[in-house]
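> got a sequence here, can you build the structure:
(chains A and B)
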There are 2 protein chains.
Amino acid sequence: MILHSFVKSDETMFESFAVYLREGAGLSDEELDLVKQVTIEKKLRKRQYLLQEGDVAHYNCFVAKGCLRLYRIGKDGSEHILRFAVENWWMSDYESYNSGDPAKGNIDAIEDSELLLIKKQDFDALTNTIAKFRLFRERLEARSYDASLKRIMSNISETAEERYVNFIKSYPQFYSRVPLHMVASFLGVSRETLSRVRLQYSTNK
Amino acid sequence: MILHSFVKSDETMFESFAVYLREGAGLSDEELDLVKQVTIEKKLRKRQYLLQEGDVAHYNCFVAKGCLRLYRIGKDGSEHILRFAVENWWMSDYESYNSGDPAKGNIDAIEDSELLLIKKQDFDALTNTIAKFRLFRERLEARSYDASLKRIMSNISETAEERYVNFIKSYPQFYSRVPLHMVASFLGVSRETLSRVRLQYSTNK
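Numbering: from 1, shown residues only, chains lettered A, B, ... in the order given. All right, here's what the predicted structure looks like:
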(Lines give C-alpha, C1' and ligand atoms only; values in the text may rest on other atoms or scores of the structure.)
Protein backbone atom coordinates (compact mmCIF):
# COMPACT_ATOMS: atom_id res chain seq x y z
CA MET A 1 0.00 0.00 0.00
CA ILE A 2 2.78 2.39 0.93
CA LEU A 3 4.78 1.32 -2.11
CA HIS A 4 1.79 1.80 -4.33
CA SER A 5 1.18 5.35 -3.12
CA PHE A 6 4.89 6.14 -3.48
CA VAL A 7 5.00 5.00 -7.10
CA LYS A 8 1.80 6.82 -7.90
CA SER A 9 3.10 10.06 -6.46
CA ASP A 10 6.34 9.82 -8.45
CA GLU A 11 4.48 9.26 -11.69
CA THR A 12 2.45 12.39 -10.96
CA MET A 13 5.66 14.34 -10.37
CA PHE A 14 7.13 13.54 -13.76
CA GLU A 15 3.72 13.89 -15.41
CA SER A 16 3.40 17.57 -14.39
CA PHE A 17 6.92 18.13 -15.78
CA ALA A 18 5.88 16.36 -19.00
CA VAL A 19 2.79 18.55 -19.36
CA TYR A 20 4.97 21.63 -18.88
CA LEU A 21 7.52 20.47 -21.48
CA ARG A 22 4.85 19.42 -23.98
CA GLU A 23 3.08 22.77 -23.77
CA GLY A 24 6.09 25.04 -23.28
CA ALA A 25 8.68 23.41 -25.52
CA GLY A 26 6.51 21.25 -27.78
CA LEU A 27 8.42 18.05 -26.93
CA SER A 28 7.19 14.75 -28.41
CA ASP A 29 6.69 11.56 -26.38
CA GLU A 30 10.04 10.23 -27.65
CA GLU A 31 11.80 13.43 -26.59
CA LEU A 32 10.08 13.34 -23.21
CA ASP A 33 11.46 9.83 -22.79
CA LEU A 34 15.00 11.20 -23.23
CA VAL A 35 14.28 13.82 -20.58
CA LYS A 36 12.79 11.24 -18.22
CA GLN A 37 15.93 9.08 -18.43
CA VAL A 38 18.05 11.85 -16.85
CA THR A 39 15.48 13.32 -14.46
CA ILE A 40 15.86 12.74 -10.74
CA GLU A 41 12.84 13.12 -8.46
CA LYS A 42 13.27 14.68 -5.08
CA LYS A 43 10.98 15.71 -2.26
CA LEU A 44 11.86 18.35 0.29
CA ARG A 45 10.01 19.03 3.50
CA LYS A 46 9.53 22.64 4.56
CA ARG A 47 12.86 24.15 5.74
CA GLN A 48 14.98 21.39 4.17
CA TYR A 49 17.88 22.50 2.00
CA LEU A 50 18.36 21.77 -1.69
CA LEU A 51 21.75 23.53 -1.69
CA GLN A 52 23.99 25.05 0.95
CA GLU A 53 26.57 27.79 0.63
CA GLY A 54 29.94 26.34 -0.33
CA ASP A 55 28.50 23.38 -2.26
CA VAL A 56 28.56 23.37 -6.06
CA ALA A 57 25.15 23.62 -7.77
CA HIS A 58 25.31 20.58 -10.08
CA TYR A 59 21.57 20.48 -10.83
CA ASN A 60 18.95 22.56 -12.56
CA CYS A 61 15.74 22.08 -10.62
CA PHE A 62 12.13 22.21 -11.81
CA VAL A 63 9.48 22.82 -9.17
CA ALA A 64 6.52 20.45 -9.67
CA LYS A 65 4.94 21.42 -6.36
CA GLY A 66 5.80 23.73 -3.48
CA CYS A 67 7.91 26.83 -3.08
CA LEU A 68 11.68 27.39 -2.81
CA ARG A 69 13.87 30.39 -2.15
CA LEU A 70 17.50 31.24 -2.99
CA TYR A 71 19.13 33.52 -0.45
CA ARG A 72 22.53 34.79 0.60
CA ILE A 73 23.76 35.71 4.05
CA GLY A 74 24.95 39.33 4.26
CA LYS A 75 27.92 40.56 6.28
CA ASP A 76 25.65 41.37 9.21
CA GLY A 77 24.20 37.84 9.22
CA SER A 78 20.86 38.75 7.66
CA GLU A 79 19.23 36.82 4.81
CA HIS A 80 18.83 38.44 1.39
CA ILE A 81 16.47 36.66 -0.98
CA LEU A 82 17.51 36.58 -4.63
CA ARG A 83 14.83 34.32 -6.06
CA PHE A 84 11.61 32.55 -5.25
CA ALA A 85 10.29 29.62 -7.27
CA VAL A 86 6.84 28.01 -7.27
CA GLU A 87 5.19 25.42 -9.55
CA ASN A 88 6.56 25.44 -13.13
CA TRP A 89 9.55 27.60 -12.23
CA TRP A 90 13.19 26.60 -12.42
CA MET A 91 15.65 27.03 -9.60
CA SER A 92 19.38 26.77 -9.05
CA ASP A 93 22.23 28.96 -7.87
CA TYR A 94 23.00 29.73 -11.52
CA GLU A 95 26.25 31.51 -10.75
CA SER A 96 27.64 28.29 -9.27
CA TYR A 97 25.80 26.12 -11.82
CA ASN A 98 27.42 27.98 -14.73
CA SER A 99 30.90 28.43 -13.27
CA GLY A 100 31.31 25.22 -11.26
CA ASP A 101 32.50 27.35 -8.33
CA PRO A 102 31.12 26.88 -4.80
CA ALA A 103 27.73 28.57 -4.35
CA LYS A 104 27.43 31.80 -2.40
CA GLY A 105 23.73 31.12 -1.91
CA ASN A 106 21.49 28.69 -0.07
CA ILE A 107 18.31 27.13 -1.46
CA ASP A 108 15.66 25.82 0.90
CA ALA A 109 11.99 24.91 0.82
CA ILE A 110 9.39 27.35 2.14
CA GLU A 111 6.71 24.66 1.76
CA ASP A 112 6.83 20.88 1.35
CA SER A 113 8.00 20.57 -2.25
CA GLU A 114 8.29 18.11 -5.12
CA LEU A 115 11.21 18.69 -7.44
CA LEU A 116 12.67 17.32 -10.65
CA LEU A 117 16.41 17.62 -10.95
CA ILE A 118 18.58 17.40 -14.06
CA LYS A 119 22.36 17.30 -13.80
CA LYS A 120 24.14 20.11 -15.69
CA GLN A 121 25.88 17.82 -18.20
CA ASP A 122 22.58 16.01 -18.87
CA PHE A 123 20.78 19.32 -19.31
CA ASP A 124 23.49 20.45 -21.76
CA ALA A 125 23.27 17.14 -23.61
CA LEU A 126 19.47 17.50 -23.92
CA THR A 127 19.84 20.98 -25.41
CA ASN A 128 22.43 19.62 -27.85
CA THR A 129 20.26 16.66 -28.84
CA ILE A 130 16.79 18.21 -28.95
CA ALA A 131 16.59 21.43 -30.99
CA LYS A 132 13.22 22.36 -29.45
CA PHE A 133 14.71 22.00 -26.00
CA ARG A 134 17.54 24.36 -26.93
CA LEU A 135 15.11 27.01 -28.18
CA PHE A 136 13.07 26.58 -25.04
CA ARG A 137 16.17 26.99 -22.87
CA GLU A 138 17.15 30.17 -24.74
CA ARG A 139 13.65 31.59 -24.20
CA LEU A 140 13.84 30.75 -20.49
CA GLU A 141 17.24 32.40 -20.13
CA ALA A 142 16.13 35.53 -21.97
CA ARG A 143 13.05 35.75 -19.76
CA SER A 144 15.15 35.29 -16.66
CA TYR A 145 17.51 38.07 -17.76
CA ASP A 146 14.55 40.37 -18.52
CA ALA A 147 13.11 39.69 -15.06
CA SER A 148 16.43 40.56 -13.41
CA LEU A 149 16.59 43.82 -15.40
CA LYS A 150 13.05 44.67 -14.36
CA ARG A 151 14.01 44.10 -10.75
CA ILE A 152 17.11 46.31 -11.08
CA MET A 153 14.98 49.03 -12.65
CA SER A 154 12.53 48.72 -9.76
CA ASN A 155 15.37 48.86 -7.21
CA ILE A 156 17.00 51.98 -8.64
CA SER A 157 13.90 53.93 -9.61
CA GLU A 158 10.99 53.13 -7.29
CA THR A 159 9.96 54.03 -3.78
CA ALA A 160 9.39 51.25 -1.23
CA GLU A 161 5.62 51.56 -1.77
CA GLU A 162 5.91 51.28 -5.56
CA ARG A 163 8.16 48.23 -5.19
CA TYR A 164 5.68 46.59 -2.84
CA VAL A 165 2.71 47.26 -5.15
CA ASN A 166 4.64 46.02 -8.20
CA PHE A 167 5.63 42.87 -6.34
CA ILE A 168 2.01 42.07 -5.46
CA LYS A 169 0.94 42.64 -9.07
CA SER A 170 3.88 40.88 -10.72
CA TYR A 171 4.07 37.90 -8.37
CA PRO A 172 0.65 37.24 -6.83
CA GLN A 173 1.62 33.55 -6.74
CA PHE A 174 4.44 34.32 -4.27
CA TYR A 175 2.78 36.98 -2.25
CA SER A 176 0.06 34.81 -0.77
CA ARG A 177 2.50 31.98 0.09
CA VAL A 178 5.62 33.69 1.36
CA PRO A 179 5.99 35.09 4.91
CA LEU A 180 6.13 38.88 5.07
CA HIS A 181 9.68 39.08 6.40
CA MET A 182 10.80 37.20 3.27
CA VAL A 183 8.93 39.64 1.02
CA ALA A 184 10.78 42.45 2.82
CA SER A 185 14.09 40.63 2.29
CA PHE A 186 13.35 40.13 -1.43
CA LEU A 187 12.44 43.79 -1.88
CA GLY A 188 15.44 45.01 0.10
CA VAL A 189 13.39 46.94 2.65
CA SER A 190 13.25 46.54 6.41
CA ARG A 191 10.28 44.76 8.01
CA GLU A 192 9.30 48.05 9.65
CA THR A 193 9.26 49.84 6.30
CA LEU A 194 7.22 47.05 4.72
CA SER A 195 4.66 47.16 7.55
CA ARG A 196 4.32 50.94 7.18
CA VAL A 197 4.02 50.67 3.39
CA ARG A 198 1.38 47.92 3.58
CA LEU A 199 -0.68 50.00 5.99
CA GLN A 200 -0.48 53.06 3.73
CA TYR A 201 -1.35 50.98 0.67
CA SER A 202 -4.38 49.32 2.24
CA THR A 203 -5.61 52.73 3.48
CA ASN A 204 -5.09 54.48 0.14
CA LYS A 205 -6.51 51.73 -2.01
CA MET B 1 42.89 62.07 -48.41
CA ILE B 2 39.62 62.04 -46.54
CA LEU B 3 38.65 58.73 -48.14
CA HIS B 4 41.99 57.20 -47.21
CA SER B 5 41.70 58.16 -43.55
CA PHE B 6 38.13 56.86 -43.47
CA VAL B 7 39.14 53.44 -44.81
CA LYS B 8 42.09 53.23 -42.46
CA SER B 9 39.98 54.00 -39.43
CA ASP B 10 37.41 51.38 -40.39
CA GLU B 11 40.04 48.69 -40.72
CA THR B 12 41.24 49.52 -37.21
CA MET B 13 37.67 49.21 -35.92
CA PHE B 14 37.16 45.71 -37.20
CA GLU B 15 40.71 44.75 -36.22
CA SER B 16 40.06 45.43 -32.51
CA PHE B 17 36.90 43.31 -32.78
CA ALA B 18 38.92 40.56 -34.48
CA VAL B 19 41.52 40.61 -31.68
CA TYR B 20 38.73 40.32 -29.12
CA LEU B 21 37.09 37.39 -30.97
CA ARG B 22 40.40 35.60 -31.55
CA GLU B 23 41.36 35.82 -27.88
CA GLY B 24 37.92 35.47 -26.31
CA ALA B 25 36.25 32.93 -28.59
CA GLY B 26 39.26 31.37 -30.36
CA LEU B 27 37.91 32.14 -33.84
CA SER B 28 40.06 31.29 -36.86
CA ASP B 29 40.72 33.70 -39.74
CA GLU B 30 38.08 31.93 -41.84
CA GLU B 31 35.52 32.26 -39.05
CA LEU B 32 36.45 35.93 -38.56
CA ASP B 33 35.74 36.42 -42.26
CA LEU B 34 32.19 35.13 -41.73
CA VAL B 35 31.78 37.60 -38.87
CA LYS B 36 33.20 40.45 -40.93
CA GLN B 37 30.68 39.85 -43.72
CA VAL B 38 27.77 40.68 -41.40
CA THR B 39 29.39 43.37 -39.27
CA ILE B 40 28.35 46.99 -39.72
CA GLU B 41 30.66 49.76 -38.55
CA LYS B 42 29.19 52.84 -36.93
CA LYS B 43 30.56 55.93 -35.26
CA LEU B 44 28.64 57.97 -32.73
CA ARG B 45 29.56 61.38 -31.46
CA LYS B 46 29.07 62.14 -27.79
CA ARG B 47 25.32 62.48 -26.98
CA GLN B 48 24.20 60.80 -30.23
CA TYR B 49 21.68 57.99 -29.93
CA LEU B 50 22.17 54.38 -30.93
CA LEU B 51 18.58 53.52 -29.99
CA GLN B 52 15.57 55.49 -28.83
CA GLU B 53 12.60 54.38 -26.76
CA GLY B 54 9.89 52.91 -28.99
CA ASP B 55 12.30 51.62 -31.64
CA VAL B 56 13.06 47.92 -31.87
CA ALA B 57 16.64 46.89 -30.98
CA HIS B 58 17.59 44.94 -34.11
CA TYR B 59 21.35 44.94 -33.43
CA ASN B 60 23.81 43.57 -30.93
CA CYS B 61 26.55 46.16 -30.58
CA PHE B 62 30.23 45.70 -29.74
CA VAL B 63 32.06 48.76 -28.40
CA ALA B 64 35.48 49.11 -30.09
CA LYS B 65 36.08 52.55 -28.60
CA GLY B 66 34.16 54.93 -26.37
CA CYS B 67 31.41 54.59 -23.79
CA LEU B 68 27.64 54.04 -24.06
CA ARG B 69 24.80 53.95 -21.58
CA LEU B 70 21.35 52.32 -21.60
CA TYR B 71 18.77 54.23 -19.59
CA ARG B 72 15.03 54.44 -19.06
CA ILE B 73 12.94 57.46 -18.24
CA GLY B 74 11.01 57.07 -14.95
CA LYS B 75 7.48 58.29 -14.30
CA ASP B 76 8.84 61.53 -12.85
CA GLY B 77 10.95 62.18 -15.98
CA SER B 78 14.29 61.26 -14.44
CA GLU B 79 16.87 59.00 -16.11
CA HIS B 80 17.66 55.58 -14.64
CA ILE B 81 20.80 53.93 -15.99
CA LEU B 82 20.60 50.16 -16.50
CA ARG B 83 23.95 49.54 -18.20
CA PHE B 84 27.21 51.16 -19.16
CA ALA B 85 29.50 49.74 -21.83
CA VAL B 86 33.11 50.60 -22.66
CA GLU B 87 35.71 48.99 -24.95
CA ASN B 88 35.19 45.22 -25.43
CA TRP B 89 31.69 45.27 -23.93
CA TRP B 90 28.46 44.47 -25.72
CA MET B 91 25.40 46.68 -25.66
CA SER B 92 21.78 46.49 -26.71
CA ASP B 93 18.37 46.83 -25.14
CA TYR B 94 18.26 43.06 -24.77
CA GLU B 95 14.62 42.96 -23.70
CA SER B 96 13.63 44.48 -27.07
CA TYR B 97 16.39 42.58 -28.91
CA ASN B 98 15.10 39.22 -27.63
CA SER B 99 11.37 39.89 -27.88
CA GLY B 100 11.20 42.10 -30.98
CA ASP B 101 8.98 44.49 -29.00
CA PRO B 102 9.62 48.27 -28.97
CA ALA B 103 12.42 49.21 -26.56
CA LYS B 104 11.62 50.83 -23.21
CA GLY B 105 15.18 52.12 -23.04
CA ASN B 106 17.42 54.61 -24.81
CA ILE B 107 21.08 54.06 -25.70
CA ASP B 108 23.36 57.02 -26.27
CA ALA B 109 27.07 57.78 -26.34
CA ILE B 110 28.77 59.32 -23.31
CA GLU B 111 31.97 59.75 -25.36
CA ASP B 112 32.70 59.74 -29.10
CA SER B 113 32.42 56.02 -29.86
CA GLU B 114 33.28 53.42 -32.50
CA LEU B 115 30.87 50.52 -32.71
CA LEU B 116 30.46 47.23 -34.54
CA LEU B 117 26.87 46.17 -35.08
CA ILE B 118 25.53 42.72 -35.95
CA LYS B 119 21.89 42.24 -36.86
CA LYS B 120 20.04 39.75 -34.63
CA GLN B 121 19.37 37.18 -37.39
CA ASP B 122 23.03 37.37 -38.47
CA PHE B 123 24.18 36.97 -34.87
CA ASP B 124 21.91 33.93 -34.50
CA ALA B 125 23.19 32.51 -37.80
CA LEU B 126 26.80 32.93 -36.63
CA THR B 127 26.08 31.04 -33.41
CA ASN B 128 24.41 28.28 -35.43
CA THR B 129 27.30 28.05 -37.90
CA ILE B 130 30.32 28.47 -35.62
CA ALA B 131 30.30 26.20 -32.56
CA LYS B 132 32.99 28.30 -30.83
CA PHE B 133 30.89 31.40 -31.32
CA ARG B 134 27.93 29.68 -29.68
CA LEU B 135 29.97 28.68 -26.64
CA PHE B 136 31.32 32.19 -26.43
CA ARG B 137 27.81 33.63 -26.60
CA GLU B 138 26.65 31.30 -23.83
CA ARG B 139 29.58 32.38 -21.63
CA LEU B 140 28.75 36.05 -22.29
CA GLU B 141 25.11 35.53 -21.41
CA ALA B 142 25.95 33.66 -18.23
CA ARG B 143 28.37 36.42 -17.21
CA SER B 144 25.75 39.06 -17.94
CA TYR B 145 23.21 37.22 -15.81
CA ASP B 146 25.72 36.85 -12.96
CA ALA B 147 26.46 40.58 -13.10
CA SER B 148 22.77 41.42 -12.87
CA LEU B 149 22.39 39.11 -9.87
CA LYS B 150 25.37 40.76 -8.20
CA ARG B 151 23.77 44.13 -8.75
CA ILE B 152 20.44 42.95 -7.32
CA MET B 153 22.28 41.57 -4.28
CA SER B 154 24.03 44.92 -3.88
CA ASN B 155 20.74 46.81 -4.22
CA ILE B 156 18.86 44.78 -1.63
CA SER B 157 21.65 44.25 0.91
CA GLU B 158 24.06 47.18 0.88
CA THR B 159 24.08 50.74 2.19
CA ALA B 160 24.63 53.62 -0.25
CA GLU B 161 28.29 53.82 0.87
CA GLU B 162 28.90 50.10 0.31
CA ARG B 163 27.30 50.31 -3.13
CA TYR B 164 29.48 53.27 -4.04
CA VAL B 165 32.69 51.55 -2.87
CA ASN B 166 31.77 48.32 -4.68
CA PHE B 167 31.06 50.25 -7.85
CA ILE B 168 34.48 51.92 -7.78
CA LYS B 169 36.18 48.56 -7.20
CA SER B 170 34.08 46.54 -9.67
CA TYR B 171 34.01 49.10 -12.47
CA PRO B 172 37.08 51.36 -12.28
CA GLN B 173 36.87 51.63 -16.08
CA PHE B 174 33.49 53.39 -15.81
CA TYR B 175 34.09 55.40 -12.73
CA SER B 176 36.81 57.62 -14.18
CA ARG B 177 34.85 58.25 -17.40
CA VAL B 178 31.26 58.67 -16.35
CA PRO B 179 29.83 61.91 -14.88
CA LEU B 180 28.92 61.67 -11.20
CA HIS B 181 25.19 62.22 -11.71
CA MET B 182 25.18 59.13 -13.98
CA VAL B 183 26.96 57.08 -11.30
CA ALA B 184 24.21 58.17 -8.87
CA SER B 185 21.54 57.18 -11.40
CA PHE B 186 23.17 53.75 -11.94
CA LEU B 187 23.39 53.12 -8.19
CA GLY B 188 19.84 54.32 -7.56
CA VAL B 189 20.85 57.02 -5.07
CA SER B 190 20.25 60.77 -5.24
CA ARG B 191 23.10 63.10 -6.23
CA GLU B 192 23.01 64.57 -2.71
CA THR B 193 23.41 61.11 -1.15
CA LEU B 194 26.27 60.27 -3.51
CA SER B 195 28.07 63.53 -2.67
CA ARG B 196 27.71 62.86 1.07
CA VAL B 197 28.87 59.25 0.66
CA ARG B 198 31.91 60.24 -1.43
CA LEU B 199 32.92 62.79 1.19
CA GLN B 200 32.59 60.23 4.01
CA TYR B 201 34.52 57.64 2.00
CA SER B 202 37.40 59.96 1.13
CA THR B 203 37.60 61.06 4.80
CA ASN B 204 37.50 57.50 6.19
CA LYS B 205 39.87 55.99 3.67
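> contacts, neighbours, all on C-alpha from now
Noted.
> can you pull up the bridge partners for the most centrally placed residue in chain A?
Among the residues of chain A, the one closest to the centroid is residue A:85, at 2.7 Å (Cα atoms, centre = their mean). On DSSP bridges, the residues paired with residue A:85 through beta bridges are residue A:68.
> OK, contacts around it?
Contacts for residue A:85 (Cα atoms under 8 Å, 6 or more residues apart in numbering or on different chains) come out as A:63, A:67, A:68, A:69, A:91.
> most surrounded residue in the residues you listed?
With neighbours taken as other Cα atoms under 10 Å in any protein chain shown, the top of the contacts of residue A:85 is residue A:68, carrying 31 neighbours.
> which pLDDT value goes with it?
Residue-level confidence at residue A:68 comes out at 98, pLDDT.
> can you tell me how far it sits from residue A:44?
The gap separating residue A:68 from residue A:44 is 10 Å, by Cα to Cα, to the nearest Å.
> now the common contact residues for the two.
By the contact definition Cα under 8 Å, 6+ apart, residue A:68 and residue A:44 are jointly contacted by A:109, A:113.
> what pLDDT is listed against the residue nearest to the centre of chain A?
According to the per-residue confidence, residue A:85 scores 96 in pLDDT.
> how about low-confidence regions in chain A?
Within chain A, the stretches with pLDDT under 70 are A:1-11, A:205.
> now the helices: where do they sit in it?
Per DSSP state H, chain A has helices spanning A:2-25, A:29-38, A:94-99, A:120-129, A:131-157, A:160-170, A:172-175, A:180-187, A:191-204. These are given in chain order.
> as JSON lines, those with distance to chain B and mean neighbour count would be great.
Conversion of these to JSON lines gives the following (distance: least, Cα to the nearest Cα, whole Å; neighbours: other Cα atoms under 10 Å in any protein chain shown):
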{"stretch": "helix A:2-25", "distance to chain B": "16", "mean neighbour count": "14"}
{"stretch": "helix A:29-38", "distance to chain B": "21", "mean neighbour count": "14"}
{"stretch": "helix A:94-99", "distance to chain B": "6", "mean neighbour count": "19"}
{"stretch": "helix A:120-129", "distance to chain B": "11", "mean neighbour count": "15"}
{"stretch": "helix A:131-157", "distance to chain B": "4", "mean neighbour count": "18"}
{"stretch": "helix A:160-170", "distance to chain B": "11", "mean neighbour count": "16"}
{"stretch": "helix A:172-175", "distance to chain B": "18", "mean neighbour count": "14"}
{"stretch": "helix A:180-187", "distance to chain B": "7", "mean neighbour count": "20"}
{"stretch": "helix A:191-204", "distance to chain B": "13", "mean neighbour count": "13"}
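> stretch A:45-61 close to chain B?
No - with Cα under 8 Å from any Cα of the partner chain as the measure, stretch A:45-61 is seen stopping short of chain B, the closest distance being 14.2 Å.
> that stretch: which residues count as buried?
Under the neighbour-count criterion of 16 or more other Cα atoms under 10 Å in any protein chain shown, stretch A:45-61 has A:48, A:50, A:51, A:52, A:53, A:56, A:57, A:58, A:59, A:60, A:61 buried.
> and chain A, what are its domains?
When chain A is parsed with automatic domain parsing, its domains come out as A:2-142, A:158-205.
> nearest to residue A:148, out of the ones you listed?
Nearest to residue A:148, of all the domains of chain A, is domain A:2-142, at 9.7 Å by Cα to Cα.
> returning to that earlier point: list just the nearest of the contacts of residue A:85 to residue A:186.
Lowest distance from residue A:186 to those (Cα to Cα) belongs to residue A:69, with 9.8 Å.
> how much space between the nearest residue to the closest one once chain neighbours are set aside and chain B?
Counting by Cα to Cα, 6 or more residues apart in numbering or on different chains, residue A:84 is the residue found nearest to residue A:69 once chain neighbours are left out, at 4.4 Å. Here the distance between residue A:84 and chain B works out to 13 Å (Cα to the nearest Cα, to the nearest Å).
> just give me the neighbour total for residue A:84.
Neighbour count of residue A:84, defined by other Cα under 10 Å: 23.
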